[in-house]
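S.K.: Would you be able to build a 3D model of this:
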Amino acid sequence: MDLVYFVVLVGALIFVHELGHFVWAKAFGVKVLRFSIGFGPKIAGGRLGETEYVLAAFPIGGYVKMLGENAADVVREEDRPRSFGAQPLWKRVVIVLAGPAMNLVFPLALFFLVYLGEGQLTPPVVGTVYPHRPADGRLLPGDRVLAVDGEPIATFEELTAIVRDRPGETLTLTLERDGEEVEQPITPQASRRLLELERIEEVGRLGIVPHHATPVVGVLPGTSAHQAGLRTFDTIIAAEGRAVDRWIDLEHALAGRLRTVPVTYLRPEPVREPLGGLVAVEVFGARVAALQSGGHAQGAAARAGLEAADLYVRSVDRGSAEAELGLRPGDRIATLDGRPVRQWATLLEDLRASRGAAHALGWRRGDTLHHGTLRLAREEGVTEHGQPFERVRVGMRHWVPMRVDPGVENPRPVLHAAERAWASTEEMVSLTVYSVLRLLQGRLGVESLGGPLMIFDAAGKAAREGATNYLKLMAFISVNLGLINLLPIPLLDGGHLLFFLVEGVTRRPVPKRIRGWAALAGLVLLIALMILALKNDLQRRFGAAPPSPTPIERRA
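M.R.: A predicted model of the protein is given here:
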């Protein structure tokens with residue numbers, strides 16, 4: 001089946017490309033002699049009117065043969081007005097440019113189909129608020145955003161798009177909080193995002209995400225929660241028979257009058273010697289504990305001796321800097337460089353940003369506070385685009401599963417699909433342009449180039465993962481095909497456009513002799529690139545140390 005997926009993908013892109021040339025040639029009255037998908041022996045075809053339509057044996061290319069396309073073509077006098085060479089320069093430019101243009105427009109249609117199927121989107125509910133960000137102290141987990149500057153919104157995606165495009169501008173958010181409407185002014189922070197291939201984009205951010213942590217608890221020793229049998233990494237799932245989905249649900253359940261609240265929780269328990277000890281497996285056993293409650297909702301869990309397990313270490317890699325420092329599972333990270341740590345995500349950001357510098361780390365084990373100097377090991381590697389990188393290796397992990405509220409109905413499916421299609425196509429065009437630029441600068445390795453074998457493997461993998469991935473891969477390769485064809489290399493569409501530019505400046509066609517030598521040079525260059533791509537393909541498949549995945553492979 002992989003061969004079928006490959007042929008369909010490549011055949012569709014070739015058809016779209018050649019269709020651009022064909023339609024505009026016909027529109028300008030140019031006589032089209034042949035429309036061929038593939039090269040080599042003819043498998044099927046027929047003549048309709050003056051044009052022969054051909055399906056050839058090797059579907060790795062195609063062509064539209066027009067009358068008088070080559071200067072050496074013999075054209076009868078009565079057919080001369082309909083020959084390609086007799087057309088005004090602007091018409092020839094349009095005909096040649098139409099092929100790559102179709103490859104850039106086609107992804108819009110593909111992405112539109114993909115995103116039109118997104119019937120459910122993320123509700124505009126605050127899941128997690130990151131510390132030291134604009135939302136810290138202004139928005140609360142569980143807040144539902146109803147409107148921005150008076151304009152109603154229905155999804156988190158709408159909120160993200162507004163915030164992203166308005167860094168530094170003060171917005172007024174209308175919130176639903178505890179059953180009441182609240183207006184909250186907030187200014188998105190201008191943030192520079194480092195994208196693939198060292199691209200930089202400035203966007204606005206509030207410091208919120210829609211997913212929220214499940215109520216996995218850390219239990220303080222000697223507290224009522226500890227005495228009731230709860231332990232760190234237990235997950236509260238219900239209180240007084242009502243489901244507990246968020247931490248705030250637990251706080252509300254423990255608030256109010258003084259009483260005993262039964263809570264149901266899950267405890268991860270290791271399975272001894274599963275599969276002969278080859279893997280480590282944990283199952284969750286349900287248990288019940290009785291907690292004392294009372295007082296306001298805020299801080300109710302803390303009064304019972306519970307806190308979120310976000311900053312508790314779940315595992316430590318052997319031989320890591322953290323293991324050498326003495327960190328163990330169950331320890332709670334308290335401070336970094338003398339400052340309290342509020343969230344695991346920001347802890348990782350600070351550690352990775354320092355690039356291996358020494359940090360004063362404080363952690364709590366039971367009732368004892370420990371201190372030490374942590375210097376993370378640095379590791380080098382190569383990105384999926386062949387660029388070298390250096391980063392620190394974090395050898396500790398926490399364990400807090402995340403959830404997102406149930407989706408909401410997409411209120412504007414057609415407009416949503418069109419906006420997402422445009423944004424995705426724009427992103428792929430940018431990525432392809434920067435890939436070529438980085439190759440020319442020598443900052444991207446030639447081992448990132450791929451050929452037919454790589455596309456064959458990627459097409460099969462994407463198709464097995466579903467139609468959505470397959471269409472996205474087709475869109476990405478279509479953008480690559482369109483932009484690469486615009487490169488000023490003889491034999492490519494960009495080479496023809498370069499000759500037309502010279503003709504427009506000098507007011508006469510490029511001499512046949514120069515075009516012939518240029519075509520030969522272009523052929524040599526294209527053959528060299530094909531050999532290099534094939535070598536990379538073979539090394540990826542059979543080599544002991546294959547090159548890094550290409551952008552196309554990554555998108556598969």
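S.K.: Tell me, how many residues neighbour the nearest residue to Val23 once chain neighbours are set aside?
M.R.: Residue nearest to Val23 in three dimensions, not counting chain neighbours: Ala98, with 6.9 Å by Cβ to Cβ, 6 or more residues apart in numbering. Where C-beta positions appear, they are placed from N, C-alpha and C, glycine not excepted. Residues within reach of Ala98, counting by other Cβ atoms under 10 Å, total 22.
S.K.: same question for the lengthiest helix in the chain, mean pLDDT?
M.R.: What stands out as the longest helix in the chain, according to DSSP state H, is helix 512-542. The pLDDT scores in helix 512-542 average 87.
S.K.: which strands and helices sit next to it?
M.R.: helix 452-464, helix 493-506 (3 or more Cβ pairs under 8 Å, 6 or more residues apart in numbering; DSSP states H and E).
S.K.: wait, doesn't the residue nearest to Val23 sit right on Ala27?
M.R.: No - under the criterion of Cβ atoms under 8 Å, Ala98 makes no contact with Ala27, lying 9.3 Å away.
S.K.: Would you mind giving the secondary structure of Tyr265?
M.R.: Put simply, Tyr265 is strand when judged by DSSP: H, G, I helix; E, B strand; the rest coil.
S.K.: Once you drop chain neighbours, what's closest to it?
M.R.: Closest residue to Tyr265 apart from its sequence neighbours, by Cβ to Cβ, 6+ apart: Asp234 at 4.5 Å.
S.K.: Tell me what angle the strand or helix carrying the residue nearest to Val23 forms with helix 493-506.
M.R.: According to DSSP states H and E, Ala98 maps onto helix 89-116. Note on geometry: by axes from the mean of the first three to the mean of the last three Cα atoms, to 10 degrees, helix 89-116 and helix 493-506 are set 140 degrees apart in direction.
S.K.: Please identify the deepest-packed of the helices and strands packed on helix 512-542.
M.R.: Neighbour counts (mean count of other Cβ atoms under 10 Å) averaged over each of the helices and strands packed on helix 512-542 peak at helix 452-464, with a mean of 20.
S.K.: Give me the distance between it and the centre of its chain.
M.R.: 19 Å (Cα atoms, centre = their mean, to the nearest Å).
S.K.: Just the mean pLDDT for stretch 121-134, thanks.
M.R.: 93.
S.K.: which parts of that stretch are buried?
M.R.: Counting neighbours by 16 or more other Cβ atoms under 10 Å, one finds that the buried residues in stretch 121-134 are 121-130, 133-134.
S.K.: Next one, pLDDT for the residue nearest to Val23 please.
M.R.: pLDDT recorded at Ala98 is 96.
S.K.: possible to save the helices and strands packed on helix 512-542 as TSV with distance to Arg287 and mean pLDDT?
M.R.: Putting the helices and strands packed on helix 512-542 into TSV (distance: least, Cβ to Cβ, whole Å; pLDDT from 0 to 100) gives the following:
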stretch	distance to Arg287	mean pLDDT
helix 452-464	41	89
helix 493-506	68	91
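S.K.: Mind checking those for the one nearest to Ala147?
M.R.: Evaluated over these, closeness to Ala147 peaks at helix 452-464, with 39.2 Å, by Cβ to Cβ.
S.K.: Which secondary structure elements does that closest one sit against?
M.R.: Counting contacts by 3+ Cβ pairs under 8 Å, 6+ apart, helix 452-464 packs against helix 2-27, helix 467-484, helix 512-542, helix 551-555.
S.K.: can you list the residues that contact it?
M.R.: Under the criterion Cβ atoms under 8 Å, 6 or more residues apart in numbering, residues 1-3, 5-6, 9-10, 60, 469-470, 472-473, 477, 533-534, 536-538, 540-541, 550, 552-553, 555-556 lie in contact with helix 452-464.
S.K.: hmm, 10 Å instead?
M.R.: When contacts are defined by Cβ atoms under 10 Å, 6 or more residues apart in numbering, helix 452-464 is touched by residues 1-10, 13, 59-60, 450, 468-474, 476-477, 480, 530, 533-534, 536-538, 540-541, 547, 549-550, 552-556.
S.K.: For the residue nearest to Val23, which residues are in contact?
M.R.: Ala98 neighbours (Cβ under 10 Å, 6+ apart): 17-25, 27, 64, 105, 493.
S.K.: again, only using 7 Å
M.R.: Shown in contact with Ala98 (Cβ atoms under 7 Å, 6 or more residues apart in numbering): 20-21, 23-24.
S.K.: cool, His359 as well?
M.R.: Per Cβ under 7 Å, 6+ apart, neighbours of His359: 336-337, 351, 374.
S.K.: Closest one to Ala518 out of these, please.
M.R.: Taking the contacts of His359 together and measuring to Ala518 by Cβ to Cβ, the closest member is Leu351, at 54.3 Å.
S.K.: tell me which element the closest one is part of?
M.R.: With DSSP H and E as the criterion, the answer for Leu351 is helix 344-353.
S.K.: what stretches of the stretch 251-400 of the chain score poorly on pLDDT?
M.R.: Across the stretch 251-400 of the chain, residues meeting the criterion (pLDDT under 70) sit at 257, 271-285, 293-297, 381-389.
S.K.: The helix holding Leu351: which residues count as buried?
M.R.: 344, 346-347, 351.
S.K.: Against which helices or strands is that helix packed?
M.R.: Contacts defined by 3 or more Cβ pairs under 7 Å, 6 or more residues apart in numbering; DSSP states H and E place helix 344-353 against strand 332-336, strand 388-392.
S.K.: give me that answer again for 10 Å
M.R.: Secondary-structure packing of helix 344-353 (3 or more Cβ pairs under 10 Å, 6 or more residues apart in numbering; DSSP states H and E): strand 332-336, strand 359-365, strand 388-392, strand 396-397.
S.K.: How far away from the center of its chain is the longest one?
M.R.: Looking back up the chat, that one is strand 359-365. For strand 359-365, the distance to the chain centre is 34 Å (Cα atoms, centre = their mean).
S.K.: What strands flank it, and is each parallel or antiparallel?
M.R.: Sheet pairing for strand 359-365, assigned by DSSP bridges, gives strand 332-336 (antiparallel), strand 368-374 (antiparallel).
S.K.: related to what we said a few turns ago, output the helices and strands packed on helix 344-353 in a markdown table, with distance to Pro152 appended to each entry.
M.R.: Below are these laid out as a markdown table (distance: least, Cβ to Cβ, whole Å):
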| stretch | distance to Pro152 |
| --- | --- |
| strand 332-336 | 41 |
| strand 359-365 | 45 |
| strand 388-392 | 42 |
| strand 396-397 | 40 |
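S.K.: The nearest residue in space to Pro81 that is not next to it in sequence: neighbour count?
M.R.: Nearest non-adjacent residue to Pro81, counting by Cβ to Cβ, 6+ apart: Gly29, 7.9 Å away. As a burial measure, Gly29 scores 10 neighbours (other Cβ under 10 Å).
S.K.: now the one 4 residues further on
M.R.: Other residues within reach of Leu33 by the criterion other Cβ under 10 Å amount to 14.
S.K.: returning to what we had before: give me the buried entries from the contacts of His359.
M.R.: The buried subset of these - by 16+ other Cβ under 10 Å - is 336, 351, 374.
S.K.: who touches Gly504 in this structure?
M.R.: Gly504 sits in contact with 89-90, 93, where contact means Cβ under 10 Å, 6+ apart.
S.K.: can you do 8 Å?
M.R.: Leu89.
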